[in-house]
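Chemist: Sequence and predicted model, in that order:
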Amino acid sequence: MKRLPRPTKVSAIASAESASSTHRYKDLNSMALDYRNPNDWGRCSLTDNALKLQQFKALNPTATKREINSFLCSLYLPFTGTEFLATHETIDDHPYSAAFGQFLGNGIDPDIANILAFGSKRFDLISDDFDDPIRQLATRIYSRFEEMGYWDKLPQSSSNIDYDYIPY
């Protein structure tokens, strides 16, 4: 009987040279979305919104945090507060008219009042200062509506509102 040669020891650690030749790592920068690339648009609403934000920042390099936040909120709402007031005689047609009216009646900007009326806790749009009296007032109004379960039920019906929208 012929004896088989003794097995050679196999190293579990591959050299750096062999690893780099067998594995190709993707460049993460080449995977990033670019608003100038037409192939990046239309994939889904989330990527399109990310591209819109990129475009907004590129076109408005001096935009403040508040302007960027306002732009972001406008991406998700069916209309802005100013737009709504310009196209309606009363606020009764607003899907969340009670909250919208309370925020407006207490001196809050229509666009911010609209965002708050849809159930978003965006008090930073009013002021970054927690001691700001208008921000505190808006927080109290919002809390009362939240305690009542105001946003738990579906909004009032209106002919020009897109109900596929789900407030974030």
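Modeler: Perfect, I can see it now. Model, not experiment: these values are computed from the prediction.
Chemist: got any ranges where the protein has weak pLDDT?
Modeler: The model of the chain has pLDDT under 70 over residues 1-31, 44-46, 69-70, 72-76, 153-168.
Chemist: how about the helices in it?
Modeler: 16-22, 28-31, 45-59, 65-76, 81-87, 97-105, 110-117, 133-147 (DSSP state H).
Chemist: Show me the one of those helices that comes nearest P38.
Modeler: helix 45-59 (10.4 Å; CB to CB). Every residue, glycine included, has its C-beta placed from N, CA and C.
Chemist: residues of the closest one that come out buried?
Modeler: D48, A50, L51, K52, Q54, F56 (16 or more other CB atoms under 10 Å).
Chemist: before we move on, the earlier item: mean neighbour count, the helices of the chain: which tops it?
Modeler: Among these, helix 110-117 has the highest mean neighbour count (mean count of other CB atoms under 10 Å), at a mean of 26.
Chemist: Determine the set of other helices and strands touching that one.
Modeler: Under the contact criterion of 3 or more CB pairs under 8 Å, 6 or more residues apart in numbering; DSSP states H and E, helix 110-117 touches helix 65-76, helix 81-87, helix 97-105, helix 133-147.
Chemist: list the contacts for R66?
Modeler: By CB atoms under 8 Å, 6 or more residues apart in numbering, the residues touching R66 are L125.
Chemist: Check the spacing between it and L125 real quick.
Modeler: Here R66 is placed at a distance of 6 Å from L125 (CB to CB, to the nearest Å).
Chemist: got it, and Y35?
Modeler: According to CB to CB, Y35 stands 24 Å off from L125.
Chemist: Between the two, which has more neighbouring residues?
Modeler: L125 (21 against 18; other CB atoms under 10 Å).
Chemist: any idea how far that one lies from D111?
Modeler: Distance, L125 to D111, by CB to CB: 8 Å.
Chemist: hmm, back to that, can I get the helices of the chain in a markdown table including distance to N39?
Modeler: Shown next, in a markdown table, are those (distance: least, CB to CB, whole Å):
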| stretch | distance to N39 |
| --- | --- |
| helix 16-22 | 30 |
| helix 28-31 | 13 |
| helix 45-59 | 11 |
| helix 65-76 | 21 |
| helix 81-87 | 32 |
| helix 97-105 | 40 |
| helix 110-117 | 32 |
| helix 133-147 | 41 |
